[in-house]
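Q: have a look at this prediction, sequence included:
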Protein chains: 2
Amino acid sequence: MQFADGRTEMEKTYRILFKTEQGIDQSIDASPGESLPEAARRAGIALDAPCGGNGTCGKCRVRVLNGSVAGGQSRHITPQEFNDGWRLACISSVCSDAAILVPETAGAYECQIRAGGKDSTGENIIFQKLQTELTGTGIDSGIKIVKAELEEPSPDNPMADRERLLRRLAELTHIPQQDMTLSALRKLPSVLRVNNFSVYCVLRLQAECCSVIDIFPGTGDMPVIAGLAADIGTTTVSAMLVDLANGNVLAFGSAGNGQIRYGADVISRIIASSVPAKDSAQSGLEQMRLAVTAECITPLIARICETAAISAEHIYRAAIAANTTMTHLFMGVDPAYLRLEPYTPAFFESGTLRGADIGLPLHPDTEAVIAPAIGSYVGGDITAGVYASSIFSQPEISLLVDLGTNGELVLGNAEFLMSCACSAGPAFEGGDISCGMRATDGAIEACTIDPETMEPAITVIGEAGLAKGLCGSGLIDLVGELFRCGIINAKGKIIKDGKRIRRDDNAAYIIAFTDEAAGGREISITETDIDNFIRAKGAIFSAIQTMLAALDFDIGMIDNVFIAGGIGSGINIRQAVRIGMLPNISPEKYRYIGNSSLHGAYAMLVSKEAALKIEKIGRDMTYIELSTHPGYMDELIAACFLPHTNGGLFENIE
Amino acid sequence: MQFADGRTEMEKTYRILFKTEQGIDQSIDASPGESLPEAARRAGIALDAPCGGNGTCGKCRVRVLNGSVAGGQSRHITPQEFNDGWRLACISSVCSDAAILVPETAGAYECQIRAGGKDSTGENIIFQKLQTELTGTGIDSGIKIVKAELEEPSPDNPMADRERLLRRLAELTHIPQQDMTLSALRKLPSVLRVNNFSVYCVLRLQAECCSVIDIFPGTGDMPVIAGLAADIGTTTVSAMLVDLANGNVLAFGSAGNGQIRYGADVISRIIASSVPAKDSAQSGLEQMRLAVTAECITPLIARICETAAISAEHIYRAAIAANTTMTHLFMGVDPAYLRLEPYTPAFFESGTLRGADIGLPLHPDTEAVIAPAIGSYVGGDITAGVYASSIFSQPEISLLVDLGTNGELVLGNAEFLMSCACSAGPAFEGGDISCGMRATDGAIEACTIDPETMEPAITVIGEAGLAKGLCGSGLIDLVGELFRCGIINAKGKIIKDGKRIRRDDNAAYIIAFTDEAAGGREISITETDIDNFIRAKGAIFSAIQTMLAALDFDIGMIDNVFIAGGIGSGINIRQAVRIGMLPNISPEKYRYIGNSSLHGAYAMLVSKEAALKIEKIGRDMTYIELSTHPGYMDELIAACFLPHTNGGLFENIE
C-alpha cells in the first residue's frame, strides 16, 4: 500500500447499489478497482460464477442501471445488450457510483425454504419410507431431553448444583457415569433457581456416560431439541431441520454453495484453496471454508430455524454428507493431495466433531458426524446415498447413479459394493450450457417437441410460468426430443431447418423466443451446448459399462437403477435411455430417489446405528479408478454419440 | 452518551505515562475522569487494591512526577507526601497529561519466574519427594509422544492420510480404537509430507481409545510435550511448566491475581462478578474471568514458556487447584450462591475441560482437570493440598493449615478427613497491615528484637537488602518478639516506651526509620495493625480448637502439623506458638510444606491416578461450618489474646 501521495486517491470510495429481481436492495461503499462479485459478496448478494470468474460461462450477467462499471464486455453480451447496460459481473470492476440490477439467473443464492420438509413428491415417497423405518420404534440419535425435579439445597443438604443434578439423572437414566459440559454448567446455577430446582436437561447418551449439554427451566412445555442434516453439494447446499424427539422434519431449505464464485467444479475449488495466507488476507483454504460455512450454511441455518421458529443454539446434533473435496473444505483440511497422484484424501472418516470446532452457529457442544468417503472422488454423499437407497441391504443387484457436476456410480447389493466416479462436467446442473440454469423457479424442467411443426411444449418450475433457462432434466428432455424428431443427428448436429432453427457459426434450436421468455431474453440450445451435453451423458454411460465389464456382468443383471442428484423433480427416464445416457432396461426398474445424500445424512442424524452402518458401507465399498482402467477410454468414445456407436445396446426404443 | 454539544469535550484525551521502579515505561491516552487503576490496567500495569478500590487500605500509593491527577488524598498520605506528589491511585482520576511513578509496593504483578522450578528450599524437600513418588516408575499423565513411520501412499495403497496413521498407531499402542482431533487433522496432510511420512504424534491415551491431538514432522529430536500445573490463589497465581515425558519442572512462575483491583477477599470478588452486562460492557462475571485468565494466567504462561523456550501451544494437559470462588470465576460460572444461604457451589467437580473452552493459550485440545471442592469455603486448593501432604494415606493424625486470606484447615488420616474454613482476613498476605506487603523482594520475612535495647534485627527477601515492608512471616516474628520482650501486652497494646516507640492516637513500634528503609518511608507496626493480626491468628487457633472439640480430640493426639500457604519461605513456628496462633506441641511435629495446592495440581497433572485420588479425597472429606457451629464464637473470643485467655494451653514456652 502506498500512503504518502496516493492516499487521497486510495481512500476514495464509490457507492454501489445492488438491486435484485426479488426486490432486495443492498448498497455498499467500494474502492475503485474492486471486482463486482467481491463488492456484491460484501453486500450480501452472491453472484454465480461457474467458470471461476474468468468470463467464459456468461452466467453472471448483470445490468448497470445508473453510473458505470469498468470492463464487463464479453461474447455473451451482444452490442445492443452492452448499450442497454448489460455486463458480465465477474470481469467488471468498480469505477464510479452505480446501481446494478442482479437478475435471478445471476444469483447463486437461490434459496428455497419449506416448513415440514416437503421436498418434491418423488423424493418424499422414498424418504418417508426411510423415515418410518428409522423413527417407527423411537429414535436413536443419542440426544434426549428429560425433566428432572430436584430437592432444593438446605443447610442439611448442601450438595453443589452440578452434583445434585447428576445424582438425580443417574437415577432417571440408570447410566452410572454422568458429566456436564462447561456451557451447561455456566447456565446451571441461575436456571435451577427459576422454578424451584425443576429443570429440563438435554442429554447426550453414550454407552457408558450420560452428558448434560444444555439445561432449561422446568416450566411450560418441553423445549424442542433439534438436529441438522445437510448435504453440501459442489453447487447447492441442502439442509433439513429435524425434531430429535420424533424425527419429524421441521423445515427444509437449500442455498447456493458460496464457493461457486471460485469455479463450478471441485478442481477449481482445490486450486483456489491452495493460495497461501498473505499479509492480512486469509489463506485460500480459510476463504473456501468460510465461503461454504459463514456465507452459505450459516444463513441457511438461520432461515430454516426462522421457518420452524427454533433457535439455532437448540440444534444439538448435526449430520453432514458431501463429496470428498467439500468435506475437506468444510472442515478446513487441505484438499491439495486429492488432485495429485496418487490422489490421497487427508481422511476417509472425520471422527466426531464439535459444533464449536466447525464454526457453525449451532449449540457449541453439538456433535457433528460426517459421512465417510472412500476415495478422492467418491465421498460421503455416496456412502450416505447408498444407505438411503438401501441397496447395501438387498439381495437384488442395484445401480445407484448420482447425477451432479461429478457423476458417481455404485453397483452392488448386500454382498458387494463397487463404486466409481466420472467427470460429467456441470451440464446437468445448468453449467456449460448457454441457457442452462439450476432447477429453480423459471427453469424448463420438461419438454416435448411436435415432430411435424418442431414447436416445443414446455413445463416450467414455479408459479410464474415464464421460462428463464434450462435445467438438467429439461435438457435431457430437449436433446431426447430433438433426436427423436430427427432435428439433430447422432453427432448432435442440427440437420433440419425451420422457424425455430437459427443458422450461424453455432447453429441453435430456439425453445422460447424473446417474447415467450421471462426477462425478454430468448432461450435456445446451440450445437456447442449439445456437444457439451453429449460428453456429459457419455461419461455416465461409459462408467456404467466399465463397471459391468469389470465384474463380468451384463446390463440384464441389474435389478434396480436408483437415480439421485439435484436435477429438478426427476428426469424422464425414457428420454435418458433414448439418448444413451442410461442403460436400456425396463423403465419400471428405474426409480428417482432425489437427494439421497441428504436423506442418508438424515439417517445418520436420527440414528446412531445408521451412522455406524454408513461407516461400514464406507469401509466395505471398493473403488475403481476409471482414468487408469483399461478399456474406459474406448467406452467413453463409443458413448459420445446419440445414443451410442453400438446401436444394439439401445434397440427397441420407441 | 451525549454527542450533540459535548462531543469535543468527550473526545479530549490526556497522555498518561506510567513509570515503574523496575524501569518499565508505558504511556496511554486516557479520557478525563477515567480512574487511574483502569488507565494503568489498559497500559498493562496492574495496581494492587486489596480494599477493592475504596481508598481504605493505602496499598496503591503512586507518585505524580509531572502534571496532575484529580483526587487521591487520604489518611494514608501525609500532607508532606501529598505535596511531594503522592496519591492513592484507586481514588484518583485523570484530569491532565501526567507522568506517574508506580512504586514496587503498589504493583500487583510482582512476578517471579525461575527455570527448573526451584521454589523455596522448604518447599523443595516435600515437593521432590512427591515428584519422585509420582514419576519414579514412569509418568501416567495420559499424554504420550510416539514416532510413527508410515508406508507412503501409492496407486496400490491409496489409504487416506488419517486412516493410514491411525492403523499404524493401533499397531504401536495396541489400543484398538483410534481417533484424531480436528486441529491435528488440519495439520496432517502437510506434516506427513515433510519427511516421507515419518511423524511424531502427541497422543491422549484413554482406556479404550487413543486420540491423536497433535503431529510434527519426524525430523530431529522428539518435541517436548509440556503440561501446566497452576494454583490460582485469591492474591497470587503460581504455575509450573512440566515436561510430560519425565515429570521434570521446566519453569516456575507466579503473578498477582488480576482480580485484586476488585478487592482482596473472595466476597468482594463475588460481589464484583454480580454486575450484569450492560450496553457494550461485559458482565462482571466475564470481567472477573478475564482478569484472572487473559490478564494474569495468559501472560504468566507466556513468561514461563519463554523461560523454558517452549511454545504454549505445546501444553497438552493442565491441572488447576484453587479455592471454590476462584474455580467458579476462572471457569466463568456464577459464584453468587456461594455467599447466599445455604452457601451452595455450582459444582464440586468440574468435569473435564478443553483448553479451547477455558480461554487459555494452550493447545486447543488440552485436557484441563480441576481439583474438586467440598464446599463454598473449602476448595480444590485444599483437596489438592491434602494429597500433596499425604495426610490422606497415613495412619498418623495430621493437621493441615493453609494460611491465606482464608484459612483452611484439615484434620485427619487414612480413616477420616475433616475440614473447616475461617476468615483470617488478609493480614497474612500483607493486607490490613499499614506496612504489610507480600513475600516479595524487600519484605521483612523474619526478625528478632533485643529485649534490652528494643532494637530489631531483620531479614529481608531479595539481594538489595533494604526493607520495604512486612510480609506474613515477618509479622508473626515481629508480634512474637514484641510480646516476648514485653513491649506489648496480651491485648496487643504497646506498654513500653523508647526510641522505637512512637506515641500518638495509634501508637507504633518502628522497625525501620526513614533512613533504614528503601524508598525513604519508615516501616512500623501500629496497635491497629497488631489488633488486625491478633484477630487473624485467633481465627486460625479457634478453628483448630473447634475441630478438635467436635471430634472429642485433644491437642496431644495430633502427630503432624503441615503448614501451607504463600507466606514467604515459612514461618517461625516457635513464634507462631508463642502468640497462640498454632497449638503448643513439639516443634518437631511441624513442617512447612509450601504451596501444597500447586504441588497437588502437579500431582494431578503428571498422574491420572493422583487426579482420581484427589477426586476421592473431595468426596470423602467432611466439612464443618464454623459460623453456625456451637461453641465457635466462644473459642474465637478466647483466642483473640496473646497467647490465649486460657494460658494453660501455652505453658512451658520459653
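A: Thanks, I have the structure now.
Q: which residues are in contact with the closest residue to chain B within the stretch 101-250 of chain A?
A: Closest residue of the stretch 101-250 of chain A to chain B, Cβ to the nearest Cβ: residue A:162 (3.7 Å). Backbone N, C-alpha and C define where each C-beta goes, glycine included. For residue A:162, the contact set (Cβ atoms under 8 Å, 6 or more residues apart in numbering or on different chains) comprises A:180, A:185, A:188, B:346, B:347, B:348, B:349, B:351.
Q: rerun at 10 Å
A: A:178-180, A:184-185, A:188-189, A:192, A:212, B:333, B:345-351 (Cβ atoms under 10 Å, 6 or more residues apart in numbering or on different chains).
Q: tell me how far residue A:538 lies from residue A:582.
A: Applying Cβ to Cβ, to the nearest Å, the value for residue A:538 to residue A:582 is 12 Å.
Q: where does residue A:343 land on pLDDT?
A: Looking at residue A:343, its pLDDT is 90.
Q: for it, which non-adjacent residue is closest in space?
A: residue A:376 (4.2 Å; Cβ to Cβ, 6 or more residues apart in numbering or on different chains).
Q: per-residue pLDDT of residue A:110, please?
A: On the pLDDT scale, residue A:110 gets 45.
Q: secondary structure element for residue A:591?
A: strand A:590-594 (DSSP states H and E).
Q: where's the residue of the stretch 101-250 of chain A closest to chain B, which helix or strand?
A: helix A:161-173.
Q: give me the distance between the helix or strand following that helix and the centre of its chain.
A: Later in the chain than helix A:161-173, the nearest helix or strand by DSSP H and E is strand A:177-180. Relative to the mean C-alpha coordinate of its chain, strand A:177-180 is positioned 37 Å out (Cα atoms, centre = their mean, to the nearest Å).
Q: stretch A:289-298 now?
A: With Cα atoms, centre = their mean, you get 13 Å for stretch A:289-298.
Q: again with stretch A:207-219
A: 33 Å.
Q: does it reach chain B?
A: Yes. For stretch A:207-219 and chain B, the contact criterion (Cβ under 10 Å from any Cβ of the partner chain) is met by A:208, A:211, A:212.
Q: which of those tops the neighbour count?
A: Most neighbours among those, by other Cβ atoms under 10 Å in any protein chain shown: residue A:212, with 27 neighbours.
Q: list the contacts for the residue lying closest to that one once chain neighbours are set aside?
A: Using Cβ to Cβ, 6+ apart and skipping the chain neighbours, the partner closest in space to residue A:212 is residue A:180 (4.2 Å). Contact partners of residue A:180, counting by Cβ under 10 Å, 6+ apart, are A:161-163, A:165-166, A:169, A:188, A:201, A:203, A:210-215, B:347, B:349-351.
Q: then residue A:645?
A: A:490, A:580, A:634, A:637, A:638, A:639.
Q: so which of these sit within helices?
A: A:634, A:637, A:638, A:639 (DSSP state H).
Q: so which residues on the stretch 51-200 of chain A come close to chain B?
A: Going by Cβ under 10 Å from any Cβ, the residues of the stretch 51-200 of chain A near chain B are A:152-166, A:178-190, A:192-193.
Q: I'd like to know which of those are buried.
A: By neighbour count, with 16 or more other Cβ atoms under 10 Å in any protein chain shown, these hold A:153, A:158-166, A:178-189, A:192-193 as buried.
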